[in-house]
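J.: Got a predicted model here, sequence first, then my questions.
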Amino acid sequence: MTTLSDERTILNGLGDFARILDRKQWDRVGEVFAIDVSFNYGDGKEQQGIEAMRQQFRTFLDRCGPTQHLLGSIQIEWEGNQAISRSYVQARHQGKDTQSHLYVDTSGEYTDRWERRAEGWRIVRRDARWDIFKGDPAVLYGA
């Protein structure tokens, strides 16, 4: 049986995720994602494990200057000690150094499967879908 506390934990976890990315606190990724997380970040590539997830974030965001990830329109479905959350994501990525005048915005949706574990609620599966890219992709992909 789920409680308001469980719902609040998942909502806070999504908020923590956005702040972890924007602050580039890669050592905190395990506070939201399970060590054995599986994911497809919208590129059709299946990946596994917390280190692969960290590397996914670093590959793109270490190239950027400031970023801001906004999650909204969140829906949660419960299945005992598991839940599925769906959240729209909008993210602004500003360029770094000589590219600081550039930006790229992305919009899409995260579908996350959460599981209650000994360490608390963790995302065990993430599927990202990207619908909109606007701006200069060099901010994320390099010149």
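T.: Received it, and whenever you're ready, just let me know what you need.
J.: Point to the residue nearest the middle of this structure.
T.: residue 17 (6.0 Å; CA atoms, centre = their mean).
J.: how far away is residue 119 from residue 13?
T.: Residue 119 is 12 Å from residue 13, where distance means CB to CB, to the nearest Å. The way it works is simple: take the backbone N, C-alpha and C, and place the C-beta from them, glycine included.
J.: for the lengthiest helix in the chain, which positions count as buried?
T.: The single longest helix within the chain, with elements called by DSSP state H, is helix 4-23. For helix 4-23, the neighbour count (16 or more other CB atoms under 10 Å) marks 6, 10, 13, 14, 17, 18, 20, 21, 22 as buried.
J.: Just want the angle from the very next helix or strand once past it to helix 4-23.
T.: Going down the chain from helix 4-23, the next helix or strand is strand 33-40, by DSSP states H and E. Calculated by axes from the mean of the first three to the mean of the last three CA atoms, to 10 degrees, strand 33-40 forms an angle of 70 degrees with helix 4-23.
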